[in-house]
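S.K.: Show me the folded form of this:
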Amino acid sequence: MLRVVERVLGEGDVHRGGACVARTGYELSLYRQWVDKDGQLEPRHFEVEGHLIAPPEVLEPLLGTSAPLTLHLDAQRAVDVYLLNADGAVTSADDRGFYARA
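M.R.: Presented below is the predicted three-dimensional model:
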């Protein structure tokens with residue numbers, strides 16, 4: 001089962017391959033997967049879903065799953081995502097969720 005852990009919104013820089021490729025708004029939800037193990041819920045991986053907020057001409061070049069995008073969030077955190085469409089829908093590129101930026 002998935003449970004919401006955190007919802008964030010703001011503005012951040014989008015990076016691909018170490019280079020900043022856009023600045024966008026974002027609305028994201030962080031979920032945690034829980035599984036039943038012998039009557040106890042055990043935490044598992046994280047999933048992120050949401051939207052990047054920018055004009056389609058900014059988002060279209062970022063489409064695809066060849067390389068994940070890294071969105072730099074507030075508070076020195078980041079998340080790796082794939083952009084699914086020109087409307088800005090994103091999904092997790094891995095199971096880490098939000099992580100501290102170096």
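S.K.: what's the weakest-modelled helix or strand in this protein?
M.R.: strand 64-72 (a mean of 91; mean pLDDT, DSSP states H and E).
S.K.: Could you list every helix and strand in contact with that strand?
M.R.: Using 3 or more C-beta pairs under 8 Å, 6 or more residues apart in numbering; DSSP states H and E as the contact criterion, the elements in contact with strand 64-72 are strand 2-16, strand 19-37, strand 77-83. Placement of C-beta: from N, CA and C, glycine included.
S.K.: Can you give me the buried ones in the first one?
M.R.: This points to strand 2-16. Judged by neighbour count using 16 or more other C-beta atoms under 10 Å, the buried positions of strand 2-16 are 8, 12, 14-16.
S.K.: any idea which element Leu59 lies in?
M.R.: In this assignment (DSSP states H and E), Leu59 forms part of helix 56-59.
S.K.: of all the helices and strands packed on strand 64-72, which lies closest to Thr91?
M.R.: If you check each of the helices and strands packed on strand 64-72 against Thr91 by C-beta to C-beta, strand 77-83 wins as the nearest, at 5.7 Å.
S.K.: got the buried residues for that closest one?
M.R.: Burial within strand 77-83, assessed by neighbour count using 16+ other C-beta under 10 Å, is assigned to 78-83.
S.K.: again with stretch 89-96
M.R.: 90, 92-93.
S.K.: cool, stretch 15-29 as well?
M.R.: So, applying 16+ other C-beta under 10 Å, buried residues of stretch 15-29: 15-16, 22, 24, 26, 28-29.
S.K.: Tell me the backbone dihedrals of the residue sitting furthest away from the middle of the chain, please.
M.R.: Of all residues in the chain, Asp38 has its C-alpha farthest from the mean position, at 31.5 Å, by C-alpha atoms, centre = their mean. Dihedral angles of Asp38 (phi, psi; degrees, to the nearest 10) stand at phi 60, psi 40.
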